[in-house]
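Asker: Give me a 3D structure for the following:
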Amino acid sequence: MACRITEFVIDCRDPETLADFWCRVLGYVVLLRDDNGDVEIGPAGTEPGDAGLKLVLSRSDEPKRGKLPLHFDVNATDRDQDEELQRLFDLGARTADVGQTGEESWHVLADPEGNEFCLLRRTVAPKAG
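Answerer: Model prediction:
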């Protein structure tokens, strides 16, 4: 047997704002809101015991310090990279500088709380489901 990554937790000041952003970026829905203000999101139809990856936006007052040691890479599913980049900007993403040269085939972006993620060049098939 092996473990599976089932949740990726992002500490943030405003879980509702980040949940809204990431739901719109990934096509996810809110699965759970807890009494502490944390919000869990994932693909529509996901149940708590499902093994698919869910995001938990966890309320924290700790400030972000520097470049994150982990980040998401995302790919568009129905448009080219330039069109997806514009869509992400329209959703509230912004350009981030983590020391890239400008020659990369990907774009480094930040979500509304400054968490870095990259938009890669490939277009991938949407997950069936």
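Asker: gap between D14 and D61?
Answerer: To D61, D14 is 11 Å away according to Cβ to Cβ, to the nearest Å. From N, CA and C alone the C-beta is placed, and that goes for glycine too.
Asker: Low-confidence ranges, the protein, go.
Answerer: For the chain, the stretches flagged by pLDDT under 70 are 1, 48, 128-129.
Asker: Now do the buried residues in stretch 67-74.
Answerer: Buried positions in stretch 67-74, judged by neighbour count with 16 or more other Cβ atoms under 10 Å: L68, H71, F72, V74.
Asker: mind listing the helices for this protein?
Answerer: Using DSSP state H, the helices of the chain run over 15-26, 81-91.
Asker: and among the ones you listed, the most buried is which?
Answerer: A comparison of the helices of the chain by mean neighbour count, using mean count of other Cβ atoms under 10 Å, puts helix 15-26 on top with a mean of 19.
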